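A.B. asks: based on what follows, work out the 3D shape:
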Amino acid sequence: MIYCPDCRKEIPAEDFNVSTDIAFCRRCGKNHRYSALADFEVRADFCPDEPPRGVRIAVDERFEEVLLLRYYRASSWVLLLVTLCWWGFLWLFFPGFQALFSSDRFPVAIPAYMAGGVLLIACVILSMFGRDEFRIEGSRLEVLSGVGAVSIRRHFHLNDIRRISIEEEAVSEHGNERLYRLAVLLRKNGKRRVVARSSDRRVLEFVAGYLHWKMSRSFRKEGNNA
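C.D. replies: Take a look at the predicted model:
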């Protein structure tokens with residue numbers, strides 16, 4: 001199913017041609033690029049009730065659905081081990097560490113080393129306990145990224161999203177782990193926003209499919225009300 005971006009009416013199969021990349025809306029009398037509209041086409045085999053591992057669908061008092069994505073990756077344990085070694089090195093080679101706090105000759109290197117350790121702890125907490133939340137209510141979308149109350153909150157309107165894309169962001173040195181990002185292109189200002197990251201492409205594919213599914217329902221509702 002594809003929809004006209006202007007009137008939100010569904011464009012039937014006989015009115016679009018994949019080979020010529022043209023989709024014609026009879027209601028508006030306009031031609032559109034099929035490839036652009038196909039970004040919001042819902043796959044026939046997409047099942048919104050069967051999320052992959054790493055995604056959970058919850059119900060909130062204020063929202064219809066909430067998609068929960070954990071940041072956790074296998075490399076989180078490596079980061080935890082590095083953090084433990086970092087702090088272990090500090091306590092092992094500076095046996096008089098506690099006494100130095102009251103000393104006038106407190107080494108400058110130690111505060112910098114401790115700051116690096118604190119940063120590593122923050123990265124471990126974010127990597128192991130952080131998550132993205134996609135909160136959906138009607139055509140409103142709220143995205144939270146972070147840990148608990150320490151989160152970044154962003155607001156979108158499903159009808160203002162022009163395109164959803166999954167991009168490869170980074171590859172590990174040995175090529176055995178990849179990081180992907182989910183980005184949306186906004187219709188009004190043309191800005192691109194990265195809304196989620198994951199090492200499991202299937203997770204982002206489900207989120208993209210879920211958003212497409214919600215958008216198609218929103219388009220259909222607007223088209224019927226028009």
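A.B. asks: I'd like the next helix or strand past the longest strand anywhere in the chain.
C.D. replies: Ranked by residue count, the top strand of the chain under DSSP state E comes out as strand 161-171. Sequence order places strand 178-186 as the next helix or strand after strand 161-171, per DSSP states H and E.
A.B. asks: list the buried residues for the helix or strand following that next one?
C.D. replies: Per DSSP H and E, strand 178-186 leads on to strand 192-198 as the next helix or strand towards the C-terminus. Of all the residues in strand 192-198, those buried under the rule 16 or more other CB atoms under 10 Å are 195-198. Backbone N, C-alpha and C define where each C-beta goes, glycine included.
A.B. asks: report all helices and strands that strand 192-198 contacts.
C.D. replies: Taking 3 or more CB pairs under 8 Å, 6 or more residues apart in numbering; DSSP states H and E as contact, the helices and strands that strand 192-198 lies on are strand 131-137, strand 140-147, strand 150-157, strand 178-186, helix 201-225.
A.B. asks: CA atoms only: put the first one into CSV for me.
C.D. replies: Provided in CSV are the C-alpha atoms of strand 131-137 (Å, rounded to 0.1, in the frame of the first residue of the first chain):
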residue,chain,number,x,y,z
ARG,A,131,17.6,2.4,25.7
ASP,A,132,15.5,4.2,23.0
GLU,A,133,11.8,4.6,23.5
PHE,A,134,9.4,5.3,20.6
ARG,A,135,6.2,6.6,22.2
ILE,A,136,3.3,6.8,19.7
GLU,A,137,-0.1,8.5,20.3
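A.B. asks: show me the contact partners of that strand.
C.D. replies: Residues outside strand 131-137 that contact it (CB atoms under 8 Å, 6 or more residues apart in numbering) are 60, 62-71, 141-145, 147, 151, 158, 195-197, 207, 210-211, 214.
A.B. asks: restricted to buried residues, select these in PyMOL.
C.D. replies: Only the buried entries of the contacts of strand 131-137 go into this PyMOL selection, using 16+ other CB under 10 Å:
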select buried, resi 63+66+67+68+69+70+71+141+142+143+144+145+158+195+196+197+207+210+211+214
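A.B. asks: so who does the residue nearest in space to the middle of the chain touch?
C.D. replies: Among the residues of the chain, residue 196 comes closest to the average C-alpha position under CA atoms, centre = their mean, at 1.5 Å. Counting by CB under 8 Å, 6+ apart, residue 196 touches 69, 132, 134, 143, 145, 181-182, 204, 207.
A.B. asks: fine by me, we can end here.
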